[in-house]
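Asks: only geometry, no sequence info:
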């Protein structure tokens, strides 16, 4: 998948990260009810899959020199076309984040419609496992 480097002090009113995404890797599809994120590609090639105003997921290749931002409530995921480094700034972790992770058909068929996974609830929806993850700890969009 890659890794992330946090470069802003923990008590700041915002978060700053460098995300390294390996070639061909995709981060989880996610949506935040309060948090907003902005990205700027530093090197490599990457894309964001995000929800447009019609609720459809579209893919936008990140262009050098251009900033991209999500709104609260907008589904999104980043993916590496080649290995890529992306500067991410965001509001602090607040509200709730939901993450969807693709599961293989054989695994999907072996699972019940809903089950507990640790302290989280996981519900299988159309081939995707939706995981509600509680969290405590600007805008160009399609």
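Replies: On my side now, so go ahead. None of these values were measured; they are calculated from a predicted model.
Asks: tell me, what residue is most central in the chain?
Replies: The chain has residue 77 as the residue nearest its centroid, 4.0 Å off, counting by Cα atoms, centre = their mean.
Asks: quick one, what contacts that one?
Replies: Contacts here follow Cβ atoms under 8 Å, 6 or more residues apart in numbering; on that basis residue 77 touches 26, 27, 28, 29, 30, 48, 49, 50. For every residue, glycine as well, the C-beta is placed using N, CA and C.
Asks: can I assume the last one sits in a strand?
Replies: The one in question is residue 50. Yes - counting by DSSP: H, G, I helix; E, B strand; the rest coil, residue 50 is located in a strand.
Asks: Burial check on the residue nearest to it when sequence neighbours are not counted, number of neighbours?
Replies: Sequence neighbours aside, residue 76 is the residue nearest to residue 50 in space, at 4.1 Å (criterion: Cβ to Cβ, 6 or more residues apart in numbering). The burial count assigned to residue 76 is 22, neighbours taken as other Cβ atoms under 10 Å.
Asks: what about residue 76, distance to residue 8?
Replies: The gap separating residue 76 from residue 8 is 21 Å, by Cβ to Cβ, to the nearest Å.
Asks: go on, residue 61?
Replies: Here residue 61 is placed at a distance of 27 Å from residue 8 (Cβ to Cβ).
Asks: Residue 88 now?
Replies: Distance from residue 88 to residue 8, by Cβ to Cβ: 10 Å.
Asks: Which one's more surrounded, those two?
Replies: residue 88 (16 against 13).
Asks: Return the residues in contact with that one.
Replies: Contacts of residue 88 by Cβ under 8 Å, 6+ apart are 4, 15, 16, 17, 18, 19, 37, 38, 39.
Asks: Got the confidence number for the residue lying closest to the third one once chain neighbours are set aside?
Replies: Closest residue to residue 16 apart from its sequence neighbours, by Cβ to Cβ, 6+ apart: residue 8 at 3.7 Å. Model confidence at residue 8, given as pLDDT, is 92.
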